[in-house]
Structures are given as C-alpha cells and as structure tokens.
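Enquirer: Just the structure for this:
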Amino acid sequence: MLIITGPTASGKTGKAVALARAIGGEIISADSRQLYRGMDLGTGKDLDEYGDVPYHMINICEAGYKYNLYEYLRDYQACRDDITSRGKPVILCGGTGMYVESVVKGIELPPVPENRELREELSAKSLEELTEILKRYKTLRNNSDIDTCKRAIRAIEIAVYYHDNPHLKAQTEPHPLTDAVVIGIDIDRDTRRNRITERLKARLDAGMVDEVRRLIEGEVEPEDLIYYGLEYKYLTLYVIGKLTYDEMFTQLETAIHQFAKRQMTWFRGMERRGTHIHWLPYDMPNNEFIATAQLLMQDA
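Expert: As a prediction, this is how the structure comes out:
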C-alpha cells in the first residue's frame, strides 16, 4: 500500500494519478471535505485530473452532514478490501493528517451507541466546560473534537463509553500497517504560498462563489457550511453579507496559508510519533517520481 500526502497545493493528486496509472492502482481519498457532494471547487476535487484512474471516498455524502473519523475508517477499510480483492494496488492520497495517520497506525474504532441521558446532562454546558470534561478522559492533540458543542458532546459520549467498557480499549490501540509506504510531497514555503494564492484566484474565477450560493439555495444551512471552514466559511460569510469581497479574499487567503502550516506541523508530529515519511520534491518529474515510488515499495 502506498500513501501520498503533503500540504495543500503541493500537487499530491497529480502524483498519485500518475503513479496509479503506471501500476494499475486505484486511489482512496484522504481528504475530509472532498467527501461531500456539491462541494467541488472549494475542496479542489479536480476530478478531471483522475481521467481513467478509479477513485474512492469522494462525493459519498451530502453537504451539511458532519462525517467523522469512525465513519472514515469504516468506509476506507471497505474500499481497501474491495480494491485488494480485485488484485489492484491501493494508493491513499490526501492531506487530512488525522485520516492518514489513523490508517497508517491501523486504528480501529468500535461503534459507540447514543447515550441520551448523558447528552441531556451535557446540553446546557458551554464549550469551555465541555472541553474540560473531555480532558479528563483524553489528551487533546488538536481542536477537531471541540470546535462545536455538538462535537464535544459526542467526543465525551465516546470517551465515557470506552471508559465504561474497558474491554474495548484493546480494539482502539494502534496496530501499525507493515505494508505501507508513506511519501510526502515536499514544497518550499514561498512556492506553496504562491500556488495557494494562484489557485484561490483561479477557483474564484471558475465560480466558487456561485457554488456556495447553490449550496445555500439547496437548503444547506449557512452555519453548516461555515462549520467546514476555509473556503466555505469565508465565502458563506461573504454571500450572507458579513464580509466584503476584499475582506473575504484577504481573510481566506491568510486562513489557507495557516492551514497549510498546520498540516506540516501534523506531518512532523507523525514523524516524531514513529511514521517514516519519504519526502520527494513537488517538482520531481512524474517518471522519476513513479520510479522512486516503485523502488520504495520494493524495499518495504
């Protein structure tokens, strides 16, 4: 199994497609926002880039839905089993570090039932209070569990369930993959920033504002789009009149740069936590990239 990751605008998809075409592989997306139908320009799906290469885990749920890690790991495993059953190589490609690392570590999450009594007990608490409760059960590596009260309550519900059912703990322990090769697309900061800005302008010219308008007109609540962050947050704020166009562009551009920086922080953390990432230059010609990836897979 090969994993291709890296920050936004590094050219991951193009490299993955070139490799998949060369080895007859299929691509599973590891992007937390490309899951949603109708959210195309803002998530950079660029589906035309895949051509005849089969891809999975893109456009699998409706915009407005709040997909989670448990669902991702469940659906990823089903895709991987299907691809390998047909004798095809699997290429995981995407920049959502939590998804990538969870796959590499072999994390499995048992389904956790709804605890209505606990939800009612927590419903009146503030996000700050919920955060402190969650910290009693787990170390928070990032803010994904506490960006809204609803997600924090669900995270507490899961933590309490594991606490009350200690026999399930073994299932959640990492079982690192032994057959995975992780390649990171290495791009220098200045080039990355330039590409982010150029891509943002191109997507706006291609109709990204209209895409957000269509989603809202299609009865996706503005707050649900804002929840997804980045393009959908700032474009929604512009569409509903909370920001001017120039304010939207400036704040969004800054937010994407910050996001790319956080991605790199996560990848460095993955390396510290034991995942070896083979960093290859973003501008390496595809034929050299393919040959290098094949050598790495042979040596794994």
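Enquirer: From here on, just use CA atoms for contacts and neighbour counts.
Expert: OK.
Enquirer: Any chance you could give me the least confident helix or strand in the chain by mean pLDDT in PDB, C-alpha atoms only?
Expert: Within the chain, confidence by mean pLDDT, DSSP states H and E is lowest for helix 169-172 among all helices and strands, at a mean of 74. This file holds the C-alpha atoms of helix 169-172, laid out as PDB (Å, rounded to 0.1, in the frame of the first residue of the first chain):
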ATOM      1  CA  LYS A 169      -9.700  -0.400  24.700                       C
ATOM      2  CA  ALA A 170      -7.600  -3.100  23.100                       C
ATOM      3  CA  GLN A 171      -9.500  -2.600  19.800                       C
ATOM      4  CA  THR A 172      -8.600   1.100  19.800                       C
END
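Enquirer: what mean pLDDT would you report for the biggest helix by length in the chain?
Expert: Longest helix in the chain by number of residues, with DSSP state H as the criterion: helix 245-272. Helix 245-272 carries an average pLDDT of 97.
Enquirer: helices and strands around that helix, which ones?
Expert: With contacts taken as 3 or more CA pairs under 8 Å, 6 or more residues apart in numbering; DSSP states H and E, helix 245-272 sits against helix 97-104, helix 189-205, helix 230-239.
Enquirer: Can you list the buried residues in it?
Expert: 248-249, 252-253, 255-257, 260, 263-264, 266-267, 270 (16 or more other CA atoms under 10 Å).
Enquirer: same question, stretch 47-55
Expert: Quick answer for stretch 47-55 (16+ other CA under 10 Å): 50, 53, 55.
Enquirer: now the longest helix of the chain, how far from the chain's geometric center?
Expert: Taking CA atoms, centre = their mean, to the nearest Å, one finds the center of helix 245-272 at 13 Å from the center of the full chain.
Enquirer: For Arg74, which of the helices and strands packed on helix 245-272 is the nearest?
Expert: Ranking the helices and strands packed on helix 245-272 by proximity to Arg74 (CA to CA) places helix 97-104 first, at 10.6 Å.
Enquirer: Pull that closest one out as CSV, backbone CA atoms only.
Expert: What follows is helix 97-104, C-alpha atoms only, in CSV (Å, rounded to 0.1, in the frame of the first residue of the first chain):
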residue,chain,number,x,y,z
GLY,A,97,-3.4,14.2,8.7
MET,A,98,-5.8,12.6,11.2
TYR,A,99,-7.1,10.3,8.4
VAL,A,100,-3.7,9.5,7.1
GLU,A,101,-2.1,8.8,10.5
SER,A,102,-5.1,6.7,11.7
VAL,A,103,-4.8,4.5,8.6
VAL,A,104,-1.0,4.1,9.0
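Enquirer: buried sites along the following helix or strand past it?
Expert: Beyond helix 97-104 in the direction of the C-terminus, DSSP states H and E gives the next helix or strand as helix 116-122. For helix 116-122, the neighbour count (16+ other CA under 10 Å) marks Leu122 as buried.
Enquirer: okay, now Arg192: neighbour count?
Expert: Applying other CA atoms under 10 Å, we find 20 residues neighbouring Arg192.
Enquirer: distance of it from Gly6?
Expert: Using CA to CA, to the nearest Å, Arg192 is found at 11 Å from Gly6.
Enquirer: And Phe289, which helix or strand is it part of?
Expert: Element membership for Phe289 (DSSP H and E) is helix 286-299.
Enquirer: Please read the previous query as pertaining to Asp75.
Expert: Secondary structure from DSSP H and E places Asp75 in helix 69-85.
Enquirer: distance between the following helix or strand past that helix and the chain's centre?
Expert: The first helix or strand that comes after helix 69-85 along the chain, using DSSP H and E, is strand 90-93. Offset of strand 90-93 from its chain centre (CA atoms, centre = their mean): 13 Å.
Enquirer: Name the surrounding residues that touch the least confident helix or strand of the chain.
Expert: By CA atoms under 8 Å, 6 or more residues apart in numbering, the residues outside helix 169-172 that reach it are 107-110, 162.
Enquirer: same thing but 7 Å
Expert: Helix 169-172 has contacts (CA atoms under 7 Å, 6 or more residues apart in numbering) with 107-109, 162.
Enquirer: And these, which is closest to Ala78?
Expert: Nearest to Ala78, judged by CA to CA, of those is Glu108 at 12.8 Å.
Enquirer: Thanks a lot, catch you later.
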